[in-house]
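Colleague: Here is my input; please provide its structure:
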Amino acid sequence: MKIQVINGPNLNMLGQREPGIYGAETLEDIQRRLEEIGRELGLDLDFMQSNLEGELVTAIQAAGRQADGVVLNAGGYTHTSVALRDAVLCCDAPVVEVHLSNPQAREPFRQLSLLAGAGAGSIAGFGWRSYELALRWLAGNEPKK
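Modeller: Just a heads-up that it's a prediction; the model follows:
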C-alpha cells in the first residue's frame, strides 16, 4: 500500500520554529519515525514538502492517481487555501488532514480549516504522533481499486 505524506509551508523549519508549539523534532526526524512505522505496517511511504501552494495542489492531484492514501499537513494553507480543498475533494485516495498542534486551542484564525469535511478525517494535537495515527488508520483502510 502506497501512502503519500505531504507537508506544507514552514514545516521544513520544524525543530527551529516555535518548538514550544511544534516540538523540537525536525521534519527529517518525523519522517524517520514514520518510515519505521510504515515498515511495521507494510506501507510504502513517499514524502514531500513545499512552501508553494501550487506544488502542494499538484502533489495531491498526483497522489490521487498514484497512492492508496494521503497524509496531509497543509500548515498555514489549512486556513486559507480553497485550491487545496478543491484538490482534496477531487483526490481519488482518502486524505487525512494532520496537525502537530491543536488548532482549536490556538488563535481564532487557526480554528477554521478549509480542508475540514473535504478529506476522510482530521487528527490534531498529538505532535508527530498525529501522523502515526493517520498512517495506522490508512493501513486499516481498503486500498483504492
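
Colleague: and the gap between the residue most central in space within the chain and residue 108?
Modeller: In the chain, the C-alpha nearest the mean C-alpha coordinate belongs to residue 72, at 2.0 Å (Cα atoms, centre = their mean). Taking Cβ to Cβ, to the nearest Å as the measure, residue 72 falls 22 Å from residue 108. The way it works is simple: take the backbone N, C-alpha and C, and place the C-beta from them, glycine included.

Colleague: low pLDDT regions in the chain?
Modeller: Across the chain, the ranges flagged by pLDDT under 70 are 105, 141-145.

Colleague: Strands of that one, residue ranges please.
Modeller: Secondary structure of the chain by DSSP state E: the strands cover 2-7, 44-49, 69-73, 95-99, 121-124.

Colleague: Highest average neighbour count across those: which stretch is it?
Modeller: Of all the strands of the chain, strand 69-73 carries the top mean neighbour count, a mean of 27, counting by mean count of other Cβ atoms under 10 Å.

Colleague: Need the residues that contact that strand.
Modeller: 1-8, 11, 60, 63-64, 88, 91, 93-100, 115, 119, 130-131, 134-135, 138, 141, 143 (Cβ atoms under 8 Å, 6 or more residues apart in numbering).
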